[in-house]
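[1] sharing a sequence plus its predicted fold:
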Amino acid sequence: MERSILYVDITAFAVSVETVLEPRLRGRPVVVAVQTANRSLIYASSYEARRAGIHRGMPLQEARRLCRELIVLPPNKPLYARATQAMLDILSRFSPVIEPVRYGHAYLDMTGTQRLFGSPIDAAAKAQREIRDRLNLEATVGVATNKLVSKIASDIVKPTGLQSVRPGYEERFLSPLPVHYLPGVGKTTLQQLAELNVRYIRQLAQIPVTDLTHLLGRRGILLHQWAHGIDPRPVQPPRRQPSIVEEEILPEDTNAIPLLRALLFRLLERACRRLRQEHWMAHRLHLWLRYSDGVENRGEMPLAFPSQYEHEIYPVAEEALVHLLTRRVRVRSLHLELKELRPEMRQLTLFQSEAGERREKLVRALDRIRDRFGERAIDYAHTLVLQ
């Protein structure tokens, strides 16, 4: 049976969701980025900002130089998660086999559903219409026999539209497109291919796989298949366990241990607050840091016991940080993930010390203050060095 794969992409997702809540942002250059760090990168941009030369991944400072009227919004991950879930709820009516890719993006396997929803193109149009009517969000949809071609079909009709590629026409559809449409073809690969005078996918398809492998290693085999429109990857529903991720870019690159410890505690503080809000307890932490030269160090450690309190988890996080600081290069950012989450359980007070009980009461009191007056209403003293 021929596969029918849909790729659904909410146009400029983060900005679009913010615009639904604030209609005055429509038609204006808007980006989403952390405003407290001038070196932070653009997470998402409106099409008006893109017309000014601003794009995802650009440093915020550079974007502000390009566009003085630029509106900068802070990332609102809980909002994006809710909007994505609402989109997935709509899509789940069309197929049970859904693979979320990131906020506002997903693959659907519609194979064998024609009796229920008609042709894949009709189903794609219905899904697109429901997303527009119920969420007030515009989506582009690509329809093809595999994930690669459906994704690229969606890309070429942005910011809104529906593109279908008939079975058997995958290679013909891809051939006139520039090679940068293929996933994983970044600046370095583009430069390598340009040295071979390869700029379009049809030119890439003509190169023998042995030559591509010699140039690009194992990735050459993959690019050769993709240039011919071949992609056997299945649509895979998520298997990941829930986790909580917090990350932050330092205002200046540094290897000052007190600053890094303070930043680590701030990340942990935010992550633990989310654990308590969502009634989870973490069993494991994953920490990674990025140096100023782009190199990353990563490490994982189990917690001695499941917890949702920063004062209990911090010693493990600090130990992980010490293990990761193996270079003299300055650090640019820290990323913390609390994983292996389980539902919150009441502590056994028989084994809990009075000091531990007092700390938990203190943390709960801090939560209530922040619920009422905002996240920055009160801070731990050892994070003040970051201000």
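    It's in. Numbers count the residues shown, from 1 in each chain.
[2] got a list of what Lys158 touches?
    Taking Cβ atoms under 8 Å, 6 or more residues apart in numbering as the criterion, Lys158 is in contact with 9, 11, 140. No exception for glycine: its C-beta is placed from N, CA and C like everyone else's.
[3] change it to 6 Å
    For Lys158, the contact set (Cβ atoms under 6 Å, 6 or more residues apart in numbering) comprises Thr140.
[4] the strands in the stretch 1-150 of the chain, which residues?
    5-10, 30-32, 44-45, 71-73, 98-102, 105-109, 139-144 (DSSP state E, counting those that start in this stretch).
[5] so can I have TSV of the ones you listed showing mean pLDDT and distance to Gln61?
    Listed next are these as TSV, based on pLDDT from 0 to 100; distance: least, Cβ to Cβ, whole Å:
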stretch	mean pLDDT	distance to Gln61
strand 5-10	95	28
strand 30-32	92	12
strand 44-45	90	15
strand 71-73	92	11
strand 98-102	90	25
strand 105-109	95	28
strand 139-144	96	31
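[6] so can I have a markdown table of those strands showing distance to Lys361 and mean neighbour count?
    Shown next, in a markdown table, are those (distance: least, Cβ to Cβ, whole Å; neighbours: other Cβ atoms under 10 Å):
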| stretch | distance to Lys361 | mean neighbour count |
| --- | --- | --- |
| strand 5-10 | 43 | 26 |
| strand 30-32 | 37 | 26 |
| strand 44-45 | 40 | 24 |
| strand 71-73 | 36 | 18 |
| strand 98-102 | 38 | 16 |
| strand 105-109 | 42 | 23 |
| strand 139-144 | 47 | 26 |
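[7] I'd like those laid out as JSON lines, including distance to Thr188.
    Below are the strands of the stretch 1-150 of the chain laid out as JSON lines (distance: least, Cβ to Cβ, whole Å):
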{"stretch": "strand 5-10", "distance to Thr188": "25"}
{"stretch": "strand 30-32", "distance to Thr188": "26"}
{"stretch": "strand 44-45", "distance to Thr188": "24"}
{"stretch": "strand 71-73", "distance to Thr188": "30"}
{"stretch": "strand 98-102", "distance to Thr188": "23"}
{"stretch": "strand 105-109", "distance to Thr188": "24"}
{"stretch": "strand 139-144", "distance to Thr188": "26"}
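[8] give me the residue at the spatial middle of this structure.
    Centroid check for the chain by Cα atoms, centre = their mean gives Arg102 as the closest residue, at 5.1 Å.
[9] check contacts around it.
    Neighbouring residues of Arg102 by Cβ under 6 Å, 6+ apart: there are none.
[10] now the helices for the stretch 51-200 of the chain?
    60-66, 77-91, 114-117, 120-135, 147-156, 170-174, 187-195 (DSSP state H, counting those that start in this stretch).
[11] among those helices, which is nearest Arg202?
    Closest approach to Arg202 among the helices of the stretch 51-200 of the chain (Cβ to Cβ): helix 170-174, 7.9 Å.
[12] first-to-last residue distance for stretch 100-112?
    Start and end residues of stretch 100-112 are separated by 20 Å (Cα to Cα, to the nearest Å).
[13] what's the neighbour count on the residue lying closest to His283 once chain neighbours are set aside?
    For His283, ignoring the flanking residues on the chain, the nearest one in space by Cβ to Cβ, 6 or more residues apart in numbering is Glu340 at 3.8 Å. By other Cβ atoms under 10 Å, 18 other residues sit near Glu340.
[14] same check on Asn297?
    By other Cβ under 10 Å, the burial measure for Asn297, its neighbour count, is 16.
[15] wait, it sits on Leu324?
    Yes: between Asn297 and Leu324 a contact is recorded at 4.3 Å, counting by Cβ atoms under 6 Å.
[16] tell me, what's touching those two both at once?
    In contact with both Asn297 and Leu324: Leu289, using Cβ under 6 Å, 6+ apart.
[17] ok so, going back, who does the residue nearest to the centre of the chain bridge with?
    Here Arg102 sits in beta bridges with His105, going by DSSP bridges.
[18] in JSON lines: the helices of the stretch 51-200 of the chain, plus distance to Ala377, mean pLDDT and mean neighbour count.
    As requested, the helices of the stretch 51-200 of the chain are exported to JSON lines (distance: least, Cβ to Cβ, whole Å; pLDDT from 0 to 100; neighbours: other Cβ atoms under 10 Å):
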{"stretch": "helix 60-66", "distance to Ala377": "26", "mean pLDDT": "88", "mean neighbour count": "15"}
{"stretch": "helix 77-91", "distance to Ala377": "18", "mean pLDDT": "90", "mean neighbour count": "16"}
{"stretch": "helix 114-117", "distance to Ala377": "50", "mean pLDDT": "82", "mean neighbour count": "12"}
{"stretch": "helix 120-135", "distance to Ala377": "32", "mean pLDDT": "93", "mean neighbour count": "17"}
{"stretch": "helix 147-156", "distance to Ala377": "43", "mean pLDDT": "95", "mean neighbour count": "23"}
{"stretch": "helix 170-174", "distance to Ala377": "54", "mean pLDDT": "96", "mean neighbour count": "19"}
{"stretch": "helix 187-195", "distance to Ala377": "44", "mean pLDDT": "86", "mean neighbour count": "13"}
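[19] ok but Arg359 is inside a helix, no?
    Yes: assessed with DSSP: H, G, I helix; E, B strand; the rest coil, Arg359 lies in a helix.
[20] for it, give me its contacts.
    His311.
[21] so what pLDDT did it get?
    The model reports Arg359 with a pLDDT of 80.
[22] what does Arg68 give?
    89.
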